[in-house]
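**Student:** Sequence plus the predicted model coming up.
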Amino acid sequence: MNIFGVAGNIAVAGADITGADNALQIVIPAGYYNGSFKTIASDTHLIASNIKTGVTLFGVVSTMPAGSGTTFGANGSLNV
């Protein structure tokens, strides 16, 4: 790189980052990135049997039978 006639280099920081399972936030360290790195989020609970029938979520097609699973009552109480 040449800025105002002065040659120099910028070191590329980091690598691909994989967040913790079920993480709501993944911290990306400060630094210069060249655009080729990825941030990967995962959730082990994102499986077909945990998704309501008729729904596809992030490419996972549901297999949960209708009427099964956990629901919430009108007052917010948990029904199992």
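**Tutor:** Now that the structure is in, tell me what you want to look at.
**Student:** Burial check on residue 17, number of neighbours?
**Tutor:** Close neighbours of residue 17, defined as other CB atoms under 10 Å, add up to 14. Using the backbone N, CA and C atoms, a C-beta is placed for each residue, glycine as well.
**Student:** How about residue 24?
**Tutor:** For residue 24, the count of nearby residues is 7 (other CB under 10 Å).
**Student:** phi, psi of it?
**Tutor:** Backbone torsions for residue 24, taken as degrees, to the nearest 10, come to phi -90, psi -20.
**Student:** got a list of what it touches?
**Tutor:** Remark: with contacts taken as CB atoms under 8 Å, 6 or more residues apart in numbering, residue 24 is in contact with nothing.
**Student:** mind listing the helices in the chain by residue range?
**Tutor:** Along the chain, counting by DSSP state H, no stretch forms helices.
**Student:** Could you list the low-confidence segments of it?
**Tutor:** Residue ranges of the chain with pLDDT under 70: 1-2, 69-80.
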